[in-house]
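# One predicted model, sequence on top.
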Amino acid sequence: MRIKIIAVNALIVALVGLLAFLLVRSSLSSVAGNKDQLTLEAQNDVNGAAGRLQLDGLRAERWLAGAATEAATLDALAKATPAARAEAASKRCDDLVSRMKNEPLFEKNVPTLVAFVDTQTRIVGRSGTNMGRGDSIGTYAGLKATLTSGQGGSDVWYEGKDRVLASYVAVRDSAGGTIMGALVASRPLNDTLSRVSDATTGRALDVVVPTGDSFDVVGNSATRLPQLDDAVSKSAKDMLKNALAQQQTGNVREGDYLIAASPLPAFADGKRALLVAAAPAALIQDPTGLAMLPIFGAVAVGLILVIVGGLLLGNYITRPINTLEEGLLAILNGQADKRFELEHAELGGLAFRIDQLLNQLMGVEEDTTDAEGRVSMAPNAGNFGDALSVDAKQGGEQAVDPAAAASLAAEPAAAYYSRIYREYIAAKRNLGEATDHITEQAFAQRIQGMEQDAQSRSGKRVRYQVLARNKEVVLIAVPLP
């Protein structure tokens, strides 16, 4: 019994757990692997990072534009001799670096180079050192355009050994507005990308530039994109080329990641570099493992509870059955007086009926009285008088109103016996007891006999009243005046 109960319930728990696992895994896979949603999020991430990177460059330009119009800047470039201009320019650059350290704009990303360059892109003076004066800072198209047009700009400089994000503005004389040179500030590209990553996606960022038919990584945040560590795959390369040529965001799936690239149109001509970010191709890489542990853990707990519950339920059922089996075996072996006193919600009634059957088969009279000595079996034609006597004993005598006793004494005998019979039958039926076997003649004869017995004991004439109380019908003996 116990094994069957445990097996059936364990099978149900296992099937429900398996169904729950399949449904949860399917739901997680569909939600976590929504390709359109994940692609859109990857593009939004890289566009947001690219926008922040370009915003940092633009803010640096505006700060430099303000410094370029200050008197100290103009005085440094207005010195009479080259040596004096170089000294004044270097001192002015050092002063600007000191100011930048206290600017929230450059927090954790202070420029490592601030320099004045002339119209030929030669360094007039720079911060931190006297070396390099007269050297060309490079042939950067953006810087040359600024020295020609006077329009400031920002760009990624990677031709030299240093990879930086440079911002530059033109410096004009105060008289005619002639361009005297440019003020340049550059920050390490890797530090800038790390700051942008912290403020936006929180993921790795790379800056890539085209080199012939491929792309090189010239800057990265604290961590690089593993998808671009080795040679760029053909699919990623095609995506990067298209994004650079079309000046629009592109994306491609590489293994478990979505690689998204965004051009930097605010930098130089916008076709020199791309900002690349990678996002997981699924929010949950292993929905099977994620769903398996909690669901199968719950199934294991359920199986343990099934085993415990099966043992308890099996014991609750098998123990009384074993008791009945052992008792019947004892009766078969000659123990005729063996009876079952089994208190059990489900099998107690069966044990009582077996006792009744044994009594009838063996001719043993059954005790039909309850703990208080009252008759508990239903009256029939053979024992109706005994039952009626019990009803009378339960009621006993009771003091009544003298007027009621006088009215009862004055009632004609025929009317009295007919009325009390009807009241007795009605009261019994209201309690759900059988009355078909009780005839009015037998009832009247029995009442008359009880009246004679009562009169012989008390010396007074009595008549009875019918009273229903405590779900019982009782006969109250009323002494007559």
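Right, received. Where do you want to start?
# Would you map the helices across the stretch 251-400 of the chain?
Using DSSP state H, counting those that start in this stretch, the helices of the stretch 251-400 of the chain run over residues 287-332, 348-362, 384-395.
# With respect to burial, which of these scores highest?
Of the helices of the stretch 251-400 of the chain, the one with the most neighbours on average (mean count of other Cβ atoms under 10 Å) is helix 384-395, at a mean of 18. All C-beta spots, glycine's among them, are computed from the backbone N, C-alpha and C.
# per-residue confidence averaged over that helix?
Helix 384-395 shows a mean pLDDT of 57 in the predicted model.
# next one: stretch 342-358
For stretch 342-358, mean pLDDT rounds to 83.
# any idea how far that stretch is from the chain center?
Offset of stretch 342-358 from its chain centre (Cα atoms, centre = their mean, to the nearest Å): 50 Å.
# quick revisit: got TSV for the helices of the stretch 251-400 of the chain, with distance to Ala468 too?
Formatted as TSV, the helices of the stretch 251-400 of the chain follow (distance: least, Cβ to Cβ, whole Å):
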stretch	distance to Ala468
helix 287-332	38
helix 348-362	28
helix 384-395	11
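# Figure out which of the ones you listed is closest to Thr148.
Shortest distance between Thr148 and the helices of the stretch 251-400 of the chain, using Cβ to Cβ, is found for helix 287-332: 57.8 Å.
# okay, the angle between that closest one and helix 348-362?
Helix 287-332 runs at 20 degrees relative to helix 348-362, counting by axes from the mean of the first three to the mean of the last three Cα atoms, to 10 degrees.
# Show me the shaky parts of this protein.
Counting by pLDDT under 70, the chain contains low-confidence ranges at 1, 28-35, 176, 223-233, 255, 268-271, 280-291, 363-400.
# Would you map the strands across the stretch 351-481 of the chain?
Along the stretch 351-481 of the chain, counting by DSSP state E, counting those that start in this stretch, strands occupy 462-469, 472-479.
# wait, which of those strands is closest to Arg92?
That would be strand 462-469 among those, by Cβ to Cβ, at 115.7 Å.
# starting at the chain centroid, how far to that closest one?
69 Å.
# what helices or strands is that strand leaning on?
helix 384-395, helix 402-410, helix 413-430, helix 440-458, strand 472-479 (3 or more Cβ pairs under 8 Å, 6 or more residues apart in numbering; DSSP states H and E).
# Name the stretch among these that sits most buried.
strand 472-479 (a mean of 20).
# For the helices and strands packed on strand 462-469, please prepare CSV with the additional fields distance to Gly177.
What follows is the helices and strands packed on strand 462-469, written out as CSV (distance: least, Cβ to Cβ, whole Å):
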stretch, distance to Gly177
helix 384-395, 127
helix 402-410, 131
helix 413-430, 118
helix 440-458, 135
strand 472-479, 121
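# Can you tell me which of these is nearest to Asp206?
Asp206 lies closest, by Cβ to Cβ, to one member of those: helix 413-430, at 94.0 Å.
# what angle sits between that closest one and helix 440-458?
Counting by the same axes, to 10 degrees, helix 413-430 lies at 110 degrees to helix 440-458.
# quick one on the thing from earlier: of the helices and strands packed on strand 462-469, give the one that comes closest to Asp135.
helix 413-430 (121.1 Å).
# Give me the contacts around the strand or helix carrying Gly125.
Using DSSP states H and E, Gly125 sits in strand 123-126. For strand 123-126, the external contacting residues (Cβ atoms under 8 Å, 6 or more residues apart in numbering) are 76-77, 85-93, 113-118, 132-137, 181.
# for stretch 51-58, same thing?
For stretch 51-58, contacts defined as Cβ under 8 Å, 6+ apart pick out 109, 154, 165, 167, 192-193, 195-196, 199-200, 264-267, 275.
# Following the helix or strand where Ala182 lies in sequence, what is the next regular element?
Element membership for Ala182 (DSSP H and E) is strand 179-188. Moving toward the C-terminus from strand 179-188, the first helix or strand encountered (DSSP H and E) is helix 189-199.
# rewinding a little: relative to Arg457, which of the helices of the stretch 251-400 of the chain is closest?
Proximity to Arg457 (Cβ to Cβ) singles out helix 384-395 among the helices of the stretch 251-400 of the chain, at 12.3 Å.
# Counting by contacts, list what the strand holding Ala182 packs against.
helix 35-68, helix 71-77, strand 113-117, helix 141-149, strand 164-172.
# Give me the sheet partners of it and which way each runs.
Looking at strand 179-188 with DSSP bridges, its partner strands are strand 113-117 (antiparallel), strand 164-172 (antiparallel).
# Spatially central residue for this protein, please.
Residue closest to the mean C-alpha point of the chain, counted by Cα atoms, centre = their mean, is Pro294 at 12.0 Å.
# ok, Ala351 to Gly327 distance?
As judged by Cβ to Cβ, to the nearest Å, Ala351 and Gly327 stand 8 Å apart.
# okay, and the common contacts of the two?
Both Ala351 and Gly327 are in contact with Phe340, where contact means Cβ under 8 Å, 6+ apart.
# re earlier: same list, the strands of the stretch 351-481 of the chain, but as TSV with distance to Thr146 please.
Output for those, formatted as TSV (distance: least, Cβ to Cβ, whole Å):
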stretch	distance to Thr146
strand 462-469	113
strand 472-479	114
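# Out of the ones you listed, which gets nearest to Pro402?
So among the strands of the stretch 351-481 of the chain, strand 472-479 is nearest, using Cβ to Cβ, at 10.2 Å.
# now the angle between helix 440-458 and that closest one, please.
For strand 472-479 against helix 440-458, the angle by the same axes, to 10 degrees is 50 degrees.
# Return the list of helices and strands in contact with strand 472-479.
helix 384-395, helix 402-410, helix 413-430, helix 440-458, strand 462-469.
# Export that strand to CSV, keeping only CA atoms.
Provided in CSV are the C-alpha atoms of strand 472-479 (Å, rounded to 0.1, in the frame of the first residue of the first chain):
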residue,chain,number,x,y,z
GLU,A,472,-35.1,13.5,22.0
VAL,A,473,-38.8,13.0,22.6
VAL,A,474,-39.7,12.6,26.3
LEU,A,475,-43.0,12.0,28.1
ILE,A,476,-43.6,14.2,31.2
ALA,A,477,-45.8,12.7,33.9
VAL,A,478,-48.2,15.4,35.2
PRO,A,479,-49.9,14.6,38.6
